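**Q** build me a structure from this.
(2 chains)
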Amino acid sequence: MAYKIRVNGVDRTVDVDGDTPLLWVLRDVLGLTGSKFGCGMALCGACTVHLDGSPIRSCVTAIEDVGASAITTVEAIGDTPAGKRIQRAWLDLEVVQCGYCQSGQIMSASALLASNPHPTDSEINDAMSGNICRCGTYVRIREAIKQAAKSRVDK
Amino acid sequence: MLLDRFTSFAGGSSGSSPESVSRRTFLKAGAAAGGGLLVSVTISKAIGDAEAADADAFAPDAFIRIDRSGQVTLIIPQVEMGQGTYTSMPMLIAEELEVELNQVRIEHAPPDDRLFGNSILGFQVTGGSTSVRAFWEPLRMAGATARSMLVSAAAASWQANASSCRAEKGEVIHIPTGGRLAYGALVDKAAKLPTPGNVALKDPKDFKLIGTSAKRLDAPDKVNGKAEFGIDVKVLGMKIAAVAACPVIGGKLAHVDDWKAKSVRGVRRVIRLEDAVAVIADHMWAAKKGLAALDIAWDDGKNADVSTEDIVKQLEDAANRPAVVAKREGDVAKAMAGAVKTVDAIYQLPFLAHATMEPMNCTAHVRNDGCDVWVGTQVATRARAAAAAVTGLPLEKVQVHNHLLGGGFGRRLDVDNITQAVQIAREVDFPVKVVWSREEDIQHDVYRPYYYDRLAAGLDEKGLPIAWSHRVVGSSIEARWAPPAFVNGLDSDAVEGAAGPYAFPNVLVDYVRQEPPPGLTTGWWRGVGMTHNAFMVEGFIDELAASAKHDPVAYRRALLETNSRMRAVLDLAAEKAGWSEALPAGVGRGVAVMFGFGTYIAEIAEVTVGKDGQVRVQRVVCAVDCGRTVNPDTIKAQIEGGIIFGITAALYGEITLEKGRVVQSNFDTYQMLRIDEAPAIEVHVIDSDAESGGIGEPGTSAIAPAVVNAIFAATGKRLRRLPIKTADLKSI
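**A** Numbering: from 1, shown residues only, chains lettered A, B, ... in the order given. Model prediction:
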């Protein structure tokens, strides 16, 4: 059936089964391939997007459960103050290597920073341990979140 | 060395190390199609063909195009999988060409071994930590030559002497008048000039870019979702396929009942292959639902009862078979007989999957007159050959569109996914993107071999080894992947570094090939032979040090008297780690050294072992000498990431078989290190002007032995196989 969803501020209508995970709607139906497939079981975080600002794993979120919530993907996270600071810190500290997991990392980190402007190490662990990076960029992810927390908000 | 045999089977100078092979670079400049200057770079593949640079032998390895807007495009065969090649290669050009780094753009090279063969490995491949080593001089020469031609063109425009002009930031400046001409305005004129020979390269002390931590050129698009990996390809009319291969290794498809799958909304086709079945649908979810709705009967074949225990038993038996000698110096038997003490041990390493974050995938469109393949691959020409073999099309009718790789680690040196995707795509008349589930990716990988090694040493009265023997038993990757390199039953990768960086007076390294059951394929895994042998050697050396009651660092120092670069990294790591400082109970420090890929590395791990046996790596200090550096920050990043990759394997990595099936399936059963488990990592890079070494793999190779040696220091328990089992370390 047809579902009306709001993605990055734009209303979209998609005609898929209600159990279709949001990830595949984004990637295969809407062509928003910034959100990545990694495991399909909410184990790796590569598919992380925001639902009304909260990070969710889109690979296990059925389209029928999205409702009127605003979906934000990595393609638009730079339009949010926290997302912008996270992206800049990621570039400043050269976090990325292969880059495949980084969409999800950035979405988790942006949500953390938006809700907690000065996260401690253990809060960073709690927010980020659901995101796997096979290239092993964890040391820099932690530093980049701390740097973003120190940087000033651009209005 | 891994690289030697590839040079030799590519027709190069067998026997000499790549460092000593005098490769020569040939440049040819001319007009680019559509305007601008094109410089082709050819690296002679061996001593001897340097003189044979006739038209036929002239097969460029890279191209540099400067267009009328001044945009510099570098077309290279190397692929970007996180290691920073897409930044280091442009740095080499930009330095000599005198342009800003962000003026250089990269294009993926199309598949062509003649045009784009890696000068060290001999064909088009990104692997073995070879990129900087292969292109260090050629790309700088190309940049310098193009700059010289642009300066000459500008001087001619001004009717001035070239020596009164200089190049800076993409412009030529006439020093006396301050006149300026941008490169873009000079390219057509420069293209008509003869290619100058022997343009002088910069003295390294004048480098402005090389040796500085330049910003990665691929990073901006990787933080905003724009970067396109193979899995992100969008082709007009494309459908998506989910696939299931026979869960028993080597098994076949017997029968499929697909009526339920065909009634799933969005499902288009069900494709039967010899050993797999695919469902093609409008999107991935419909394909997955279709796949789940199939009623499949598999023909399990001969491996239906195979377990890991069977495979290990075969390896154990093989260890007693006659072996092929890889290295023999002195007389080990005699020295052992005369030793004050002998020590022996069996070390084992498990099968490992790669688990690249981007699961295996490939998009293919097969037509009567040609085939297009969209994929991220480390071996573009093999990808093309695979598609040609399936379709029966000539090579030139197959186009491979290479992409960013969401992790390689050796997995994308194989093309099984490409063969399969083309087999599926040839059954339909539209493009198909085949995406493996994570379960397919882990259960149908090409696995790092299981190794079962026997080590023995004879010690003198001081406890130092006077005899060293190491028998390597395991599958040969070379025999499958590079048959010409597998000579006289010896897999040179399997035995690489099997005596470590040490100078023992009597050495015997030998090898017994024992393959797992057909259907279980082994392949390259980050750090290759060095990762395997550094674990065996550095664990065993630590045992010898303990048996002689020597400090592990001091013991290694004593064995490295003639190896000053190795000693220097060992000393630096020990100093930075505070090696001699006391640690609390339950915490241990362990060291390992390695020489491989032209790079010297020492790693010291600080590890806590809980009473419940839980191991936590708290801190790793690394010292590395990889010769002269192009992008120092990338070196640190590669070491950091390599260490995490190696710790993941040490703590968790293990593929096992039951009833012929891989037991592990997703990240719950094939665990990865996560941020809350990641140690603090310090990387200290030694300033050096020696020839560049590789950096993608050494970080991984040396870490597992450092961790098990630290566990020994903390608990007195010697672990001789990976992964580390909590149960072995419980003290309550």
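**Q** got the contact list for residue B:388?
**A** Going by Cβ atoms under 8 Å, 6 or more residues apart in numbering or on different chains, residue B:388 touches B:371, B:394-395, B:397-398. The C-beta positions use only the backbone N, C-alpha and C, and glycine is treated the same way.
**Q** okay, the helix or strand hosting it in PDB with CA atoms only?
**A** Assigned by DSSP states H and E, residue B:388 belongs to helix B:380-391. Below are the C-alpha coordinates for helix B:380-391, written out as PDB (Å, rounded to 0.1, in the frame of the first residue of the first chain):
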ATOM      1  CA  ALA B 380      39.600  -4.800 -12.300                       C
ATOM      2  CA  THR B 381      41.100  -7.000 -15.000                       C
ATOM      3  CA  ARG B 382      40.100 -10.200 -13.200                       C
ATOM      4  CA  ALA B 383      36.600  -8.800 -12.800                       C
ATOM      5  CA  ARG B 384      36.500  -8.300 -16.600                       C
ATOM      6  CA  ALA B 385      37.800 -11.700 -17.300                       C
ATOM      7  CA  ALA B 386      35.300 -13.300 -14.900                       C
ATOM      8  CA  ALA B 387      32.400 -11.500 -16.800                       C
ATOM      9  CA  ALA B 388      33.800 -12.500 -20.100                       C
ATOM     10  CA  ALA B 389      34.200 -16.200 -19.100                       C
ATOM     11  CA  VAL B 390      30.500 -16.300 -18.000                       C
ATOM     12  CA  THR B 391      29.100 -14.600 -21.000                       C
END
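**Q** mean confidence score for the helix or strand following that helix?
**A** Heading C-terminal from helix B:380-391, the first helix or strand you meet, by DSSP H and E, is strand B:398-402. Taken as a whole, strand B:398-402 has an average pLDDT of 93.
**Q** quick one: strand B:398-402 near chain A?
**A** No. Using Cβ under 8 Å from any Cβ of the partner chain, we find that strand B:398-402 stays clear of chain A, coming within 14.4 Å at best.
**Q** show the pLDDT at the residue in chain A positioned nearest to chain B.
**A** Minimum separation of chain A from chain B (Cβ to the nearest Cβ) falls at residue A:34, amounting to 2.1 Å. Looking at residue A:34, its pLDDT is 98.
**Q** give the contact list for the most centrally placed residue in chain A.
**A** Central residue of chain A (Cα atoms, centre = their mean): residue A:107, 2.5 Å from the mean position. Neighbouring residues of residue A:107 by Cβ under 8 Å, 6+ apart: A:48-50, A:55, A:72-74, A:77.
**Q** and the host helix or strand of it, average pLDDT?
**A** Counting by DSSP H and E, the element that carries residue A:107 is helix A:102-115. Averaging pLDDT along helix A:102-115 gives 98.
**Q** tell me the first helix or strand C-terminal of it.
**A** Using DSSP H and E, the helix or strand that follows helix A:102-115 towards the C-terminus is helix A:121-128.
**Q** quick one: that next one to chain centroid distance?
**A** Computed by Cα atoms, centre = their mean, to the nearest Å, the chain-centroid distance of helix A:121-128 equals 15 Å.
**Q** now swap in stretch B:309-319 and tell me
**A** For stretch B:309-319 - counting by Cα atoms, centre = their mean - the centre lies 28 Å from the chain centre.
**Q** check stretch A:43-63 too.
**A** 7 Å.
**Q** would you mark the buried spots in the helix holding residue A:107?
**A** A:102-114 (16 or more other Cβ atoms under 10 Å in any protein chain shown).
**Q** distance of residue B:143 from residue B:617?
**A** Here the criterion is Cβ to Cβ, to the nearest Å. By it, residue B:143 lies 42 Å from residue B:617.
**Q** one more: residue B:403?
**A** From residue B:403 across to residue B:617, the span is 34 Å (Cβ to Cβ).
**Q** so which of the two has more stuff around it?
**A** residue B:617 (27 against 23; other Cβ atoms under 10 Å in any protein chain shown).
**Q** next, count neighbours for the closest residue to that one other than its chain neighbours.
**A** Computed as Cβ to Cβ, 6 or more residues apart in numbering or on different chains, the closest residue to residue B:617 that is not its neighbour in sequence is residue B:679, at 4.5 Å. Using other Cβ under 10 Å, residue B:679 has 23 neighbouring residues.
**Q** what does residue B:102 give?
**A** When neighbours are counted by other Cβ under 10 Å, residue B:102 registers 11.
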